[in-house]
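Visitor: give the three-dimensional model of this entry:
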Amino acid sequence: MNANGVEISGRTWGDGPPIYFLNGLNGTCDLFALSAWLFREDFRCVFFDYAASNTPRGIDDIVEDVFTIADHHGDNSVMLYGAEFGAMVALSAMKARPERVSRAVLQSAFARRRWTLSEKALFKLVDFWQNKSMADLPTHGFLTQQNNRPWFPPFDFGRWKFFADNVGSVPVRDVIARARMLGKADLRKDISQLAQPVYLVYTEGVGSRVNKQQQELESQLPNVQSEWLHTCGALPFLTHPHRLKKLIYPFLTEETLMSVSN
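Guide: Numbers count the residues shown, from 1 in each chain. The predicted structure follows:
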């Protein structure tokens, strides 16, 4: 579909209250396929790829894409699941249209992401590979293996290959564009005003700095609950979707029960 002058592609599975899945810095929306397949029995799952554009875009533009897609589906109110970059999109959507986001599940979330000097230097360096895919970067395969492989089911090589191929196929320019959008976003003054229920998922494998930032966010949100999802890494929606569903299902269905009672 065309949204705000850019083409967006995605999938919609299931029936019931809508939950929109928002992707992280790398990978495509297909990384949510296993979780969406499980949730489809109780929810209508919408997941899509962020649009590429020849002109600079910001997180606010992606937020508008989310609501354009919601309008396309006739969804006046949606639930959001956001991971990392997607968590910032979710928080920004909650701020921009509070009446249209009923609640959100977030992981690796923060109100402000400060990139270190070394990270900024890395972004400059990989600018030379703008027209390549992530798999073409010299250390991409090694870092992907080191950071993620330990958390995948040990006897399910196909799932690991799917993930490695997926994140390797994304254009470098798209990942860098998202990283730079994230570096410009700052919601620290707005977090205490977000009244919607929020469920924060903590995991291993994301680094102590990310979890510390999420703890800071948790301390400022007025309507929040949280839980650790142990031994699952940074991608529970792919590595352990059954455990993820069991963890957040009560939170999501609470919204359904409230809608019915009203």
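Visitor: what segments of the stretch 101-250 of the chain are helices?
Guide: 117-126, 140-148, 157-169, 172-184, 208-220, 236-239, 241-261 (DSSP state H, counting those that start in this stretch).
Visitor: hey, which of these is tucked in deepest?
Guide: helix 236-239 (a mean of 25; mean count of other C-beta atoms under 10 Å). C-beta here means a position set from N, CA and C on the backbone, and glycine is covered the same way.
Visitor: so what does that one touch, helix or strand wise?
Guide: helix 33-39, helix 157-169, helix 241-261 (3 or more C-beta pairs under 8 Å, 6 or more residues apart in numbering; DSSP states H and E).
Visitor: out of these, nearest to residue 80?
Guide: helix 241-261 (10.7 Å; C-beta to C-beta).
Visitor: rewinding a little: now distance to residue 23 and mean pLDDT too, for the helices of the stretch 101-250 of the chain, in a markdown table please.
Guide: Shown next, in a markdown table, are the helices of the stretch 101-250 of the chain (distance: least, C-beta to C-beta, whole Å; pLDDT from 0 to 100):
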| stretch | distance to residue 23 | mean pLDDT |
| --- | --- | --- |
| helix 117-126 | 19 | 75 |
| helix 140-148 | 15 | 91 |
| helix 157-169 | 11 | 96 |
| helix 172-184 | 9 | 90 |
| helix 208-220 | 16 | 93 |
| helix 236-239 | 10 | 96 |
| helix 241-261 | 15 | 78 |
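Visitor: circling back: now distance to residue 196 too, for the helices and strands packed on helix 236-239, in JSON lines please.
Guide: Formatted as JSON lines, these follow (distance: least, C-beta to C-beta, whole Å):
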{"stretch": "helix 33-39", "distance to residue 196": "19"}
{"stretch": "helix 157-169", "distance to residue 196": "30"}
{"stretch": "helix 241-261", "distance to residue 196": "10"}
